[in-house]
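Engineer: Let me see the structure of the following:
(one chain, ligands or ions: 1)
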Amino acid sequence: MPESERVRRHATTEAGVSERSGVLITLEGCDGCGKSTQAALLCERLAACGLPVGPSSALGAVIREPGGTAAGEAVRDVLLHGPEAPAPWTEALLYAAARAELVARVLLPELEAGRVLVLDRFIDSSLAYQGVARGLGIDAVLAVNAPGLHGLLPDLTIVLDVDPAVGLARAGGTPDRIEAEGLDLQQRVVAGFAVVARRFPERVRLIDGSRDIGLVAVDVEAAALEAIADAGLRLGG
Ligand code: TYD
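Structural biologist: As a prediction, this is how the structure comes out:
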């Protein structure tokens, strides 16, 4: 195992550095890319394989971002349904705050307990939406997230690649504030995820999300099982 990999599987907690034995898998993509559907299917499939999926308080459940904690859900409401659009850095910092709460209260303890966690969005959404699409810069957005991440990055990030026009049409329902900004933003988001994939090739996999749900699910499950096996082997070795 390369040293960088070994370091990545150790998360720094307030109490110091602790080894984690769980696996963190994140699903990402533009609005309407199908990640929520795929995250739910993946949880079902992994649980059917007998894996300890989801947080111990909600077995088999997908964790969503922003959200997953009381504070995170409140921040989600401000960000997506509040009375006025936040300025770009306010937006980036609010996503980072919701994430810091999720990492400290849910992700680190659950990963230390050896669970397989499936997240509907995580740090890479901030890099693509705020870093690239809003133009704040990937490094600057990563820097403000770093204290709350405590060194935690996903073992595997699956980016569902779809035409953003198809995504927006699929999203349906009443658009949240970001969806309501329209196609131009979504095109920059898709470009942003391509930048993220090039920047972190060791953990980011692009999967064609424009196909039939079942076909996409097969690829998502295969990538996840590979990452879980890899994490197990690395831990065993
Ligand atoms: P989304 O996960 O797509 O929820 P829903 O399935 O209810 O539409 O909505 C979250 C929105 O927040 C989405 O438009 C992407 C955006 N977002 C960011 O801009 N930055 C982030 O760091 C995260 C996590 C989400």
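Engineer: list the helices and strands the longest helix that the chain contains packs on?
Structural biologist: In the chain, assigned by DSSP state H, the helix with the most residues is helix 213-236. On a contact count with 3 or more CB pairs under 8 Å, 6 or more residues apart in numbering; DSSP states H and E, helix 213-236 meets strand 23-28, helix 35-48, strand 156-161, strand 204-208. Bear in mind the C-beta positions are built from the backbone N, C-alpha and C, glycine included.
Engineer: what sits up against the third one?
Structural biologist: For strand 156-161, the external contacting residues (CB atoms under 8 Å, 6 or more residues apart in numbering) are 23-29, 33-35, 38, 122, 124, 190, 193, 196-197, 200, 203-210, 216, 220, 223-224, 226-227.
Engineer: now do the second one
Structural biologist: With contacts defined as CB under 8 Å, 6+ apart, helix 35-48 is touched by 25, 27-29, 53-54, 59-62, 64, 116, 118-121, 158, 160, 209, 213, 216-217, 220-221, 224-225, 228.
Engineer: Measure how it sits relative to strand 23-28, angle-wise.
Structural biologist: For helix 35-48 against strand 23-28, the angle by axes from the mean of the first three to the mean of the last three CA atoms, to 10 degrees is 150 degrees.
Engineer: Now do helix 35-48 against helix 213-236, angle only.
Structural biologist: Computed by the same axes, to 10 degrees, the angle separating helix 35-48 from helix 213-236 equals 60 degrees.
Engineer: Repeat that for the last one.
Structural biologist: Relative orientation of strand 204-208 with respect to helix 213-236: 160 degrees, computed using the same axes, to 10 degrees.
Engineer: What number of residues are in the vicinity of Asp31?
Structural biologist: Residues near Asp31, counting by other CB atoms under 10 Å, number 20.
Engineer: wait, doesn't Val116 sit right on Ile228?
Structural biologist: Yes - at 6.4 Å, Val116 counts as touching Ile228 under the criterion of CB atoms under 8 Å.
Engineer: shared neighbours, the two?
Structural biologist: With CB under 8 Å, 6+ apart as the test, Val116 and Ile228 both reach Val23, Leu46, Leu51.
Engineer: Please report how far the last one lies from Gly22.
Structural biologist: Leu51 sits 10 Å away from Gly22 when distances are taken as CB to CB, to the nearest Å.
Engineer: A helix includes Leu117, no?
Structural biologist: No - counting by DSSP: H, G, I helix; E, B strand; the rest coil, Leu117 is not part of a helix but strand.
Engineer: In this structure it contacts Pro55, no?
Structural biologist: Yes - if you go by CB under 8 Å, Leu117 and Pro55 touch, sitting 7.0 Å apart.
Engineer: hmm, back to that, of Val116 and Ile228, who's got more company?
Structural biologist: More crowded of Val116 and Ile228, by other CB under 10 Å: Val116, with 24 against 19.
Engineer: what's the neighbour count on Glu84?
Structural biologist: Applying other CB under 10 Å, we find 7 residues neighbouring Glu84.
Engineer: Just the pLDDT for it.
Structural biologist: In this model, Glu84 is scored at 90, pLDDT.
Engineer: In CSV, please show the C-alpha coordinates belonging to stretch 210-227.
Structural biologist: Output of stretch 210-227 as CSV, limited to C-alpha atoms (Å, rounded to 0.1, in the frame of the first residue of the first chain):
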residue,chain,number,x,y,z
SER,A,210,-27.6,8.4,-18.8
ARG,A,211,-28.4,4.6,-19.1
ASP,A,212,-31.1,2.5,-17.7
ILE,A,213,-31.2,2.6,-13.9
GLY,A,214,-30.5,-1.2,-13.6
LEU,A,215,-27.4,-1.0,-15.8
VAL,A,216,-26.0,2.0,-13.9
ALA,A,217,-26.7,0.1,-10.6
VAL,A,218,-24.6,-2.9,-11.8
ASP,A,219,-21.6,-0.6,-12.4
VAL,A,220,-22.1,1.3,-9.2
GLU,A,221,-22.2,-1.9,-7.2
ALA,A,222,-19.2,-3.4,-8.9
ALA,A,223,-17.1,-0.2,-8.1
ALA,A,224,-18.3,-0.2,-4.5
LEU,A,225,-17.5,-3.9,-3.9
GLU,A,226,-14.0,-3.4,-5.4
ALA,A,227,-13.4,-0.4,-3.1
